[in-house]
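Q: Build the 3D model from these lines:
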Amino acid sequence: PSANFAGKALRVATPNLKGRVLNPSSQGVSGVWVMVHDQLWTTNAGGSTDENGYFRIGGLSDGTYQIEVNLGWGGEQAFVAPSGLSVEITGDVGVIKQDGAALSNNTVALITPPKTITGRVFKDVNSNSSYDAGEEVANASVSAHGERGGSYFEVKTNTSGVYTLRVSGGAWWVEVRPSYEGTEPDWVYTGFPLQATFAENSVSESQTLNFPVTATDAIISGVVKTPDNTAVQYAWVDLNGNKGRGNGSQTDNQGRFSVKVPAGTYTVSVFSSLANFGSPDPKSVTVSSGAAADAGTLYLKSKNSTIAGFVQDEDGNQLSNVIVNAWLYDGAGWAMDSTDQTGAYSLSLWAGTWGVTVMPMSDQYVYQGAPQKVTITANETSNGNNFQLKIANKILKVRVKTSDGTKVSDIWGGVWVKDASAGSLL
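A: Numbers count the residues shown, from 1 in each chain. Predicted coordinates for the structure are as follows:
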């Protein structure tokens, strides 16, 4: 046995749900993640299909379950699972059903998506929110994300700016972004994602979602360097306007960037993957239509300061593998560490005022305090920033109903719980 598991017990479950995933040509599909869960997700188990499309899932007690068949990314003709699937476990034997009828050999046959989202991406030059000849945007990336997760489809617009996404039933969030293949994009989308909702069945439906985008008629440029004037390559420079999203670009091997944007005022933020440096302070830059503005040289900040402490439970036991996050209050900054076997953590960052909090990586503990606010100067170490977690030994069950008392079972979201006595969020 491995030393990593010395003195520890491993629970092995006999598979009680076996099945197969086939494409429309009756070929096994590998790498499909099959998840089975009850309505409240209090019980769940999953498994991935092998090279022949077979999957095996264990650890499920008798009962009725929902089943999700999650494929990888796909384009407009990607396959999806049919609607109306469920799982019934009886006597430790699982049966997959569709609309209440058992599937032969638990075989899930994927189908071509029956729903269609189509539309056009166009530069709204005259700001009339309607497409006019000559405004089409080719090669734009249009993607759809399933509202409940697990599905993602993406296509490109054709030379007429038209796209077609084929999806399954349910709610989908659709958004557009430039494709950074080849030439630099000359437009940005400043709106929010749009939603398309379909009935969860195999009936063909179609919805139209158009995206008016804004032409970029100005340029903001600059240079990113370390404190010793070394050029920083591959840093991401983000320009965020006051009327929505802006644009962004990577720095070249000289640390330079040049980003096309619509005229306006932008906050310039830099994000680098260099481990020993943090982001510069955001900088505000205004540029006029048809003009170019210089953001100057943006210097990364040396991570020469430290925030440290311990995480324990209410009995004084050291807790390992607890995530500790820190964020800069007045700029673009973030740091993370996890506690060691002694419960200690140490965050390397730079001068500023930081918020620090913890994320227990176990459902056995909760943190009920507010984030700690720590102000630190250059080359300073701030110790004693400790956290105490409480044992989570109670269960709170919540039922959602409509105003007339009808139970609601088809919503998707999360729940935040607040301890009124502690005055903080769990």
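
Q: list the contacts for Thr251?
A: 223-224, 231-235, 237, 257 (Cβ atoms under 8 Å, 6 or more residues apart in numbering). All C-beta spots, glycine's among them, are computed from the backbone N, C-alpha and C.

Q: Which of those residues are buried, as a ChimeraX select command?
A: Under the burial definition 16 or more other Cβ atoms under 10 Å, those of those that qualify are selected in ChimeraX by:
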select :223,224,231,232,235,237,257
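
Q: okay if I get the contacts of Thr251 as TSV plus distance to Ser160, pLDDT and secondary structure?
A: What follows is those, written out as TSV (distance: Cβ to Cβ, whole Å; pLDDT from 0 to 100; DSSP: H, G, I helix; E, B strand; the rest coil):
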residue	distance to Ser160	pLDDT	secondary structure
Val223	39	98	strand
Val224	38	98	strand
Ala231	42	97	strand
Val232	40	97	coil
Gln233	38	97	coil
Tyr234	35	95	coil
Ala235	36	96	coil
Val237	32	95	strand
Phe257	32	96	strand
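
Q: which of the contacts of Thr251 lies closest to Asp92?
A: Tyr234 (52.9 Å; Cβ to Cβ).

Q: For the closest one, which non-adjacent residue is spatially closest?
A: Gln250 (5.6 Å; Cβ to Cβ, 6 or more residues apart in numbering).

Q: Ser288 too?
A: Residue nearest to Ser288 in three dimensions, not counting chain neighbours: Ala263, with 5.4 Å by Cβ to Cβ, 6+ apart.

Q: gap between Val174 and Thr90?
A: 41 Å (Cβ to Cβ, to the nearest Å).

Q: ok, back up a step: now the residue nearest to Ser288: how far from Phe277?
A: 32 Å.

Q: swap in Pro185?
A: In terms of Cβ to Cβ, Pro185 sits 28 Å off from Phe277.

Q: now swap in Gly405 and tell me
A: Look at Gly405 and Phe277: by Cβ to Cβ, they are 57 Å apart.

Q: So for these two, which residue has more residues nearby?
A: Phe277 (21 against 6; other Cβ atoms under 10 Å).

Q: who's in contact with the more buried one?
A: Counted by Cβ under 8 Å, 6+ apart, Phe277 has contacts 226-227, 232, 300-303.

Q: beta partners of it?
A: Ser302 (DSSP bridges).

Q: do Val311 as well
A: Applying DSSP bridges, one finds that Val311 bridges with Phe387.

Q: these two touch, right, it and Tyr345?
A: Yes. If you go by Cβ atoms under 8 Å, Val311 and Tyr345 touch, sitting 6.8 Å apart.

Q: Right, I'll leave it there.
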